[in-house]
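# quick check, what structure comes out for this input:
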Amino acid sequence: MAVTVRHALFETALDKIRADIVSGRYKPGQRLVEDRLAQELGISRNPVREALKALEVEGFVELNPGRGASVVAISLDEADEIFVVRESLESTAARLAAKNLGGSQLGELEAVLKRGTKAANAGRIKELPDLNTEFHRLLVIASGNSNLLKVWTMIRDKMEFVYSIHVERRGLSSWGEHAAILEAVKTGDPELAALLAGRHISNAQAAFSAGAD
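Numbers count the residues shown, from 1 in each chain. You can find the predicted model right below:
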């Protein structure tokens with residue numbers, strides 16, 4: 001029973017800290033203080049410490065002797081690798097979605113697009129990483145290719161982390177591009193949908209690189 005409780009506390013800490021990093025609440029280079037995190041989560045330091053170790057393995061946290069934990073700073077090389085994978089995956093997803101899109105998926109995509117555009121217009125930046133991830137998740141689901149979804153899901157958290165870093169430079173334009181992709185999907189134009197999806201990822205890559213200069 002005690003082991004189960006400890007594991008549950010570890011999972012709670014792991015999921016919450018990871019989500020806060022991915023969403024941009026904790027910024028690259030920001031220190032993660034065990035006592036503060038434990039107090040915020042209402043748990044002891046031990047599961048927090050174990051969660052930080054796990055997040056180091058996942059590539060979200062850096063542990064330095066004497067300095068403690070901090071959020072990693074994504075390098076340009078790592079970000080470029082992520083964007084290359086995204087461009088391939090999401091261009092394919094958009095192409096397939098334009099061929100396979102069903103009514104329920106279309107409604108969900110339109111609803112997320114509306115929410116994201118409204119949040120971007122209102123300057124509610126904190127809402128955008130989750131909404132951006134949900135839009136792309138639904139688009140990949142709409143492809144009808146379960147293996148494509150599995151591969152995309154493996155790098156989802158890293159993609160959202162990168163997006164949260166440059167969201168202020170991409171907020172409104174990003175959602176305009178989403179609208180264009182969805183329109184191509186709705187009209188059943190696979191090649192245009194793939195082209196726009198690939199261009200969307202290239203624009204995101206350029207924004208990230210510009211911010212890192």
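
# how many neighbours does Leu89 have?
22 (other Cβ atoms under 10 Å). Heads up, the C-betas are built off the backbone N, CA and C, glycines and all.

# pretty sure it sits against Lys150.
No: between Leu89 and Lys150 there is no contact under Cβ atoms under 8 Å: 10.7 Å.

# in stretch 124-143, what's buried?
The neighbour-count criterion (16 or more other Cβ atoms under 10 Å) identifies 127-143 as the buried residues of stretch 124-143.

# please read the previous query as pertaining to stretch 6-19.
Buried residues in stretch 6-19 (16+ other Cβ under 10 Å): 9-10, 12-14, 16-18.

# what strand or helix carries Val151?
helix 146-154 (DSSP states H and E).

# where's that helix relative to the chain centroid, distance-wise?
Centroid displacement of helix 146-154 relative to its chain, using Cα atoms, centre = their mean, to the nearest Å, is 14 Å.

# and after it, which helix or strand comes next?
By DSSP H and E, the next helix or strand past helix 146-154 is helix 156-186.

# so for whichever helix or strand comes after that next one, what's the average pLDDT?
Next helix or strand after helix 156-186 toward the C-terminus (DSSP H and E): helix 190-212. Mean pLDDT, computed over helix 190-212, is 90.

# and stretch 40-59, by the same measure?
93.

# for stretch 114-131, same thing?
Stretch 114-131 comes out with an average pLDDT of 91.

# now what about that stretch, what contacts it?
With Cβ atoms under 8 Å, 6 or more residues apart in numbering as the test, stretch 114-131 has contacts from 22-25, 112, 132, 135, 160, 163-164, 167-168, 171-172, 174-176, 178-179.

# separation between the residue nearest the centre of the chain and Val22?
Taking Cα atoms, centre = their mean, the centroid of the chain lies closest to Glu160, which sits 1.6 Å from it. When distance is defined by Cβ to Cβ, to the nearest Å, Glu160 is 5 Å away from Val22.

# which of the helices or strands spans the spatially closest residue to Glu58 that is not a sequence neighbour?
In space, Glu58 comes closest to Arg18 once its chain neighbours are excluded; the distance is 7.3 Å by Cβ to Cβ, 6 or more residues apart in numbering. Element membership for Arg18 (DSSP H and E) is helix 2-22.

# hang on, the earlier thing: now list the buried members of the contacts of stretch 114-131.
Burial by neighbour count, 16+ other Cβ under 10 Å: within the contacts of stretch 114-131 this picks out 22-24, 112, 132, 135, 160, 163-164, 167, 171, 174-175, 178.

# save those residues as CSV, and put in distance to Lys99 too.
Converted to CSV, the buried ones among the contacts of stretch 114-131 look like this (distance: Cβ to Cβ, whole Å):
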residue, distance to Lys99
Val22, 31
Ser23, 33
Gly24, 34
Val112, 21
Asn132, 24
Phe135, 19
Glu160, 27
Tyr163, 27
Ser164, 31
Val167, 31
Gly171, 30
Ser174, 24
Trp175, 24
His178, 19
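
# list just the nearest of the residues you listed to Ala197.
Of all these, Ala197 sits closest to His178, with 9.6 Å by Cβ to Cβ.

# isn't that closest one up against Asn203?
No: taking Cβ under 8 Å as the definition, His178 is not a contact partner of Asn203, at 11.5 Å.
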